[in-house]
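Student: Here is the input, now give the coordinates:
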Amino acid sequence: MTDVIKTLFKAFEVRWKSYRHRFVPWIALNLQKNQRTLRRVKGRSQDKLIQDERVFASLVGFFTELLRNDLQNQRELLRLLPARARIYSSDEREECRDSRAVMMKTSGFSVERKSSSLQGAGTGVFVTGGHVRKGNIVAMYPGTIYQSDEPIFFQSIKNPFVFRCIDGILIDGNDKAISKAVYRSCSGRDRVGPFHLSDCSWLTSHPLNPLAVGQYVNNCSNEREANVCYQEFDVPNDFPLELRQYLPNNNYKSDTQRPLRTVVLVSLRDIIRGEELLSNYYTIVH
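Tutor: Prediction:
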């Protein structure tokens, strides 16, 4: 019986180690025949296409418009922030029907989940309206944030939505099964009074933040190169409290001392209406 337990434990250990480095075997086997699906950068500092200050300004600007579009449901919260409330209610405006309309009005484009144009790729993300210019944030990668020493093994089983950051932080973007339950639990735990610190609506078919669809962006191919790239961004402490309700990420542990990690997808070139967003799943940092 002891030998059986040892064998099972050994198998478990091997599987765990292979999971933590799950991108390495793919790169080793496909480095020569899938060159265009790899993204290479010379250092961590060059992995960012746009500056953090621009990411911050873009998210705050867009989330501000989302809040303004939902004033009817936000007035009670804004009464607790009288000084900031004037920012959102300074002018009367007609509320849009949905968040994608706000995106179109604010950013000049909209994105949406649809069946992928790649064979066998399942769901993809398309530009369904307007025109995306190079350097724009077109999506965010939602999910629970796990530090390198936090348990994610069971959530990771048969889960293709676990995103690995350069420093080893993992983001579980699965909107089903145990991953969904974990995210909802963490989101319900993390509140400041009536203020939600994260968004759960990305787990549904109608996210309040239409950017929160990044987990469905498919990998490019040798025939179709990437038009977006991933960029890691740590949410600073001065990110407005009332706008955190649109952040599609939360930490697995409430006492994590590091800033909240999120990942935005940035356009590598101009993208026209009807195009599918394609990324590089595998980045090599030299």
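
Student: When you work out contacts or count neighbours from here on, use the C-alpha atoms and nothing else.
Tutor: Will do.

Student: how close does Cys229 sit to Lys48?
Tutor: 9 Å (Cα to Cα, to the nearest Å).

Student: Who has more neighbours out of these two?
Tutor: It is Cys229, of Cys229 and Lys48, that has more neighbours when counted by other Cα atoms under 10 Å, with 24 against 16.

Student: Got phi/psi on that one?
Tutor: Taking degrees, to the nearest 10, you get phi -140, psi 160 for the backbone angles of Cys229.

Student: Help me confirm that it comes into contact with Arg269.
Tutor: No. Judged on Cα atoms under 8 Å, Cys229 makes no contact with Arg269 at a distance of 10.3 Å.

Student: which element is Ser58 on?
Tutor: In the assignment (DSSP states H and E), Ser58 maps to helix 52-68.

Student: What's the separation between Ile50 and Ser58?
Tutor: Distance, Ile50 to Ser58, by Cα to Cα: 11 Å.

Student: just to revisit the earlier point, next secondary structure after the helix holding Ser58?
Tutor: helix 71-78.

Student: buried set for that following helix?
Tutor: Under the neighbour-count criterion of 16 or more other Cα atoms under 10 Å, helix 71-78 has Leu71, Arg75, Leu78 buried.

Student: next one: stretch 49-59
Tutor: Buried residues in stretch 49-59, counted by 16+ other Cα under 10 Å: Leu49, Val55, Leu59.

Student: which one of the residues you listed is nearest Gln147?
Tutor: Nearest to Gln147 among those, counting by Cα to Cα, is Val55 at 22.4 Å.

Student: Run through the stretch 51-200 of the chain and note the low-pLDDT ranges.
Tutor: Applying pLDDT under 70 to the stretch 51-200 of the chain flags residues 90-96.

Student: Helices of that one, start to end?
Tutor: Using DSSP state H, counting those that start in this stretch, the helices found in the stretch 51-200 of the chain span residues 52-68, 71-78, 82-88, 99-107, 153-156, 177-189.
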